[in-house]
Every structure is written in C-alpha cells, then in structure tokens.
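Enquirer: just need the structure, nothing else, for what follows:
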Amino acid sequence: MSTRFSIMVTGALPMKDYVPLAQQVEAYGFAQMHIADDLVFRPAWPILTMIAMNTSRLQIGPFIVTPQVANPVYHAANLAALDELSGGRMVCGVGRGGFNPLLGIVGAPKPVKMLKEAWLLMTRMLEGNREPFDGEFFKATADLFFQFDVQRVIPLFIGTWGPQMARMAGSIAPGIKIDCSASPDHIGELRRQFIAGAEAAGRDTSAIEIIAGPLASIDDDAAAAEDNIRGMLALLQPFLAPMTFAAGISQEEIDAAYGAFTAGEVERAKALVTDKAVRAFSLTGTPHQVIGQIEAMIAGGADHIAFGPPLGPDPAKSLKLIGEKILPHFQQKYGH
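Expert: Numbering: from 1, shown residues only. Here you go, the predicted model:
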C-alpha cells in the first residue's frame, strides 16, 4: 500500500471556514479530511455535511466518535446518511473519547469490550443485519434496523493509544488511528499488536491500514512552530495518558504545564512542556525537518499520516507548506 496523507482539524474554526478549507485540502490531493468530534468544539456532523455537499473526491469522516456519549446506532445513522450525501466518501473512527472526564465519564470498566461491541453494532446496522444484538454494553432487538437504504458498509477504524485495544481492533477492523502520536516506536508497537490480533482471528493482514494522526506545527520559522505546539501540549497532555507515561513524561511535569496554562500563565506553561513531549506527540518544525520526522514514522509502521491540529502558527500558511512542500516529496517517493 502506498503511504497516504490526510488533514485533520477540530471544530474550533468558524463554520464559514470549513468549506473553503476542505476544497483546498481536496485540491492539494490529500486522501482524506478528518473532523474531530470533540465535546468542547463545534460537532463534526454539521461540518461534514457542508463539506460533503461542496467537495467531490475527498474522503471525509469524524475521528473519533465515542459510544460513551451517543449510542452506536446514532453514529451509524449519521454515517449512512452522509455516505449517501457524499456519494460513498465517508470513513469513521470509533474510540473512547478524550474529553469524557469533563462530563463525569471516567471510563468504561471494560473499555476494550465496550469498543468491540460498539463497532459490531455499528457494522450490524450498516449491513442491514436484523439479528438481535445482545451485548453487555449495547443491545438491539430484531426490529431495530434502518428504514432507509444504506449503500455500503462504511470503513470503521478504531481509535487507540494502547496495545490491548489495538490487538482487539486487529480481530475486526480494517485498521486503527493513533491520534496525537509521532513516535515511531509507539506506532510500531501498536502495528504489531494489531497484526497479532488479526492473525489470531485468521484475518488477512495484507491490506491493513495504520493511521497516525500526530499533532502538527509546521512553519518556515522552526522556533515559531515549536512555540505554537508547546501551547497546545500544555493544554492537552492531561488527556494523552497512557502515551504520556510511555514517553517518559511524569505526572508532575504534566500537572505543572497544565496548571500554568489554566492559570493564564501561557508563556510559563510553554516553557514547562518538555522536548520529549514535542517529539512524541507532534510533527514540529520546518517542512524539511518534518519530512525527516515523517520518514521515521513510516519506517516505524505508519501507512497513513493525518496531519493534526493546530497545523502551525498560521494554519492557512501551514496547509500551503504541507500541500506544496511536504506532500509532493512523498507523492514522488511513494505514489499517491
């Protein structure tokens, strides 16, 4: 499989910005555009609806949706409707959800089983299967099926940062998405776990897809790029466990940066974010520097790179740098 490249954005932008942004992403030749369905930003579904109506080739989808906030059947219905609207261009990531603690959701007691059930129930609905579904976390009677035509079974990737979830994903899913990770070692370990799960289930592993979705801060000025990503990491690190601990970042370091950020001491918070955090979670630097980082991620086991937020100090400029300096390098080397 040729390495693929995509863009991921959050719902932090004004609604009017998404259509021109998606059209630019499509024009550069990116494979997909992922919209984060984070609780604290604009939801993914209306953004994806606008994009579906104003693009023609670009694959699009929410990464990720979580069954801990809405039932898997609801997510499957939205996907099926948007797949119809887009002409069969939807993809989706399913995961636990990063901001659930803000709702008082501390996590399922059996997260791997919960995600497997959610994936299976969504697939059941998309397939038109009318067999009763009797899971521990989710249930559906024989009378629960969509009263509209579903044109295909949409690819459902499982979002994960951990080996147990990756192994489970290998038993059922086409691939996984590892958001906020730029670590070749971490990507390689989850790839091995995914393949082990697939082989144990007797599945073909020749067409698996490991999507890495690192945070990205790319600019011609390397110092500006690094300053930009440090601010985001100060805010996000508390939500990145267990990757933070695997990267050797202590809870004390995480708490110090987050505490300073939430207290409004942004510059101090940036200084408290460690260099190892920048390396572990992001593609940061000039286009030339980032090309080398991407090469290491591909060597580690990534089949697909989805550049994540914030893209850079000036996101429009950063997208242009990615589209005109980074993407052509890899298109020439690996093909589209």
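Enquirer: residues touching Met168, list them.
Expert: In this structure, Met168 makes contact with Val112, Leu115, Lys116, Ile158, Gly197, judged by C-beta atoms under 8 Å, 6 or more residues apart in numbering. C-beta: built from backbone N, CA, C; applies to glycine.
Enquirer: what about the second one, how many neighbours?
Expert: When you say that, I think you mean Leu115. Close neighbours of Leu115, defined as other C-beta atoms under 10 Å, add up to 27.
Enquirer: OK, contacts around it?
Expert: Pro67, Val94, Gly95, Arg96, Ile158, Met165, Met168.
Enquirer: restricted to helices, list those residues.
Expert: Secondary structure from DSSP state H places Met165, Met168 of the contacts of Leu115 in helices.
Enquirer: turn the contacts of Leu115 into JSON lines, including pLDDT.
Expert: Formatted as JSON lines, those follow (pLDDT from 0 to 100):
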{"residue": "Pro67", "pLDDT": "94"}
{"residue": "Val94", "pLDDT": "98"}
{"residue": "Gly95", "pLDDT": "95"}
{"residue": "Arg96", "pLDDT": "88"}
{"residue": "Ile158", "pLDDT": "99"}
{"residue": "Met165", "pLDDT": "97"}
{"residue": "Met168", "pLDDT": "99"}
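Enquirer: out of the contacts of Leu115, who's nearest Pro242?
Expert: Met165 (10.8 Å; C-beta to C-beta).
Enquirer: how many neighbours does the residue lying closest to Asp220 once chain neighbours are set aside have?
Expert: Leaving aside its sequence neighbours, Asp220 sits nearest to Thr286 (C-beta to C-beta, 6 or more residues apart in numbering; 6.0 Å). Neighbours of Thr286 under the rule other C-beta under 10 Å: 15.
Enquirer: equivalent analysis for the one 3 residues further on, please.
Expert: Around Gln289 there are 14 other residues, counting by other C-beta under 10 Å.
Enquirer: now the strands for the stretch 201-336 of the chain?
Expert: 209-213, 215-218, 282-285, 304-311 (DSSP state E, counting those that start in this stretch).
Enquirer: okay, now the domains of the protein?
Expert: 4-215+286-334, 221-283 (automatic domain parsing).
Enquirer: before we move on, the earlier item: contact partners for the residue nearest to Asp220?
Expert: Ile218, Asp219, Asp220, Asp221, Ala222, Ala225.
Enquirer: and the third one, what does it touch?
Expert: It refers to Asp220. Thr286, Pro287, Leu321.
Enquirer: mind giving me the packing neighbours of the helix or strand harbouring Gly197?
Expert: If you go by DSSP states H and E, Gly197 is part of helix 184-200. The contact analysis (3 or more C-beta pairs under 8 Å, 6 or more residues apart in numbering; DSSP states H and E) places helix 184-200 against helix 163-172, strand 175-179, strand 209-213, helix 287-300.
Enquirer: ok, 10 Å please
Expert: helix 163-172, strand 175-179, strand 209-213, helix 243-246, helix 275-281, helix 287-300 (3 or more C-beta pairs under 10 Å, 6 or more residues apart in numbering; DSSP states H and E).
Enquirer: out of the ones you listed, nearest to Glu136?
Expert: That would be helix 163-172 among the helices and strands packed on helix 184-200, by C-beta to C-beta, at 14.4 Å.
Enquirer: quick check: buried residues in that closest one?
Expert: Buried residues in helix 163-172, defined by neighbour count with 16 or more other C-beta atoms under 10 Å: Pro163, Met165, Ala166, Arg167, Met168, Ala169, Gly170, Ser171, Ile172.
Enquirer: and for stretch 198-214?
Expert: Buried residues in stretch 198-214 (16+ other C-beta under 10 Å): Ala198, Arg203, Ile208, Glu209, Ile210, Ile211, Ala212, Gly213, Pro214.
Enquirer: picking that back up, angle of the helix holding Gly197 against strand 175-179?
Expert: Relative orientation of helix 184-200 and strand 175-179, computed by axes from the mean of the first three to the mean of the last three C-alpha atoms, to 10 degrees: 160 degrees.
Enquirer: now do helix 184-200 against strand 209-213, angle only.
Expert: Using the same axes, to 10 degrees: helix 184-200 against strand 209-213 is 150 degrees.
Enquirer: quick one, phi psi at Gly264?
Expert: Main-chain dihedrals, Gly264, degrees, to the nearest 10: phi 90, psi 0.
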